[in-house]
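In: Here's my sequence, what's the structure:
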Amino acid sequence: MNKVLNIIIIVLALLLVGIIIYPQWQEGRTVELNIGCDPSVNATVFLVAQNKEFFSENRIKPNFIFYENPDLMIKDFLSDSLDCALLPWPAILNLAKTYDSIYVLASALYRTSLPVDGIFVLPKAKNPIKQIKDLKNKRLGYSPLFKNIINVLIYNLGFKPQEVKLIELPNSELVSALKNNQVDAILVIEPERTCALNDSLVPLMMPALPKAIIGPFPGCGVVIKSAPVIQKKRFATRFKTVLDAAVTYAGANTEESRKIFLDYYKLDTIKYRTCYLPDYEKLAELNRGLIIALNAKIAEVDSSFKVVNPERLIPQAAQFRQ
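Out: The predicted model follows:
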């Protein structure tokens, strides 16, 4: 009888140990992370994290999935095909109107002094565009990355919605679209800004978003669902550690970070030596005032826009296990 009882005690003790240890083992193992991002300089922070092995050091295997259209990225993110998404801030605010279970763990700013975007026109055209006001009744090509802010830009440039014909094209196709007369002007983001300069296109406004809307302009944010932060704190902390390290490294090593981006896309480091990067912010540095200001700018143009409190998008440091 005592022998049977001892066996039962041992089995129960092993089960108890398993109940305690197994979840810790699960959170400690290498985890694959499907990351949605766009093929622009916005993604540099992730590329730096991979190149400097910040992911592997924190037992994360990243799978980068690139999207030209943030709407498709959001769709996959909401369906759990993506664990994380690098989204334009205007798209984040639009998403937050109807979906409140998201957190932003890092952000990128576009500064006036280091332009990552710009509006370009042809150097020679039948009807030359020399000033912003000349865009009236013209065709402006823009990347899907700007679809949630383009109307705000047009408004702030002094136009009514119908006064500029907007044509949405992949960022990588905008330079050729302008040269082939598919559009009269283009709004591009790096590396296409540098490509436009290399092709002797004329900058009409550079940068555009920080000058016309708000500077610095909140370009994009690293978004995850709030559930992993709450339910898998060890993993969430590891991911936050990766982002913090990558943001810090990119800020302190601009030239190397640029080379990491250019090498990833096999772009000539000489021709693209002036390809600028956004100014990244880690979680502790996120500028809430800029998000509030961006909210207000969007609401000024779209009266139906629901102003989002940035506090509910930005988790507290105490939510992460150190």
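In: What segments of the protein are strands?
Out: With strands called from DSSP state E, the chain shows them at 31-37, 60-66, 84-88, 102-110, 117-121, 139-142, 165-168, 185-189, 202-205, 217-225, 279-282.
In: Tell me which of those sits nearest to Ala296.
Out: strand 217-225 (12.4 Å; Cβ to Cβ). All C-beta spots, glycine's among them, are computed from the backbone N, C-alpha and C.
In: Out of the strands of the chain, which one sits most buried?
Out: strand 185-189 (a mean of 28; mean count of other Cβ atoms under 10 Å).
In: Name the spans of this structure whose pLDDT lies under the cut-off.
Out: Residues of the chain that meet the criterion pLDDT under 70 lie in 1-29, 321-322.
In: sorry, back to before: could you dump the strands of the chain into JSON lines and include distance to Ala299?
Out: Formatted as JSON lines, these follow (distance: least, Cβ to Cβ, whole Å):
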{"stretch": "strand 31-37", "distance to Ala299": "27"}
{"stretch": "strand 60-66", "distance to Ala299": "31"}
{"stretch": "strand 84-88", "distance to Ala299": "17"}
{"stretch": "strand 102-110", "distance to Ala299": "19"}
{"stretch": "strand 117-121", "distance to Ala299": "22"}
{"stretch": "strand 139-142", "distance to Ala299": "21"}
{"stretch": "strand 165-168", "distance to Ala299": "20"}
{"stretch": "strand 185-189", "distance to Ala299": "22"}
{"stretch": "strand 202-205", "distance to Ala299": "23"}
{"stretch": "strand 217-225", "distance to Ala299": "15"}
{"stretch": "strand 279-282", "distance to Ala299": "23"}
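In: between those, which one is nearest to Lys240?
Out: Here strand 102-110 is closest among the strands of the chain (Cβ to Cβ), at 5.7 Å.
In: contacting residues around the closest one?
Out: For strand 102-110, the surrounding residues in contact (Cβ atoms under 8 Å, 6 or more residues apart in numbering) are 42, 45, 89, 92, 95-96, 116-117, 207, 209-210, 216-226, 229, 239-240, 243-244, 247, 278-283, 286-287, 290, 313-315.
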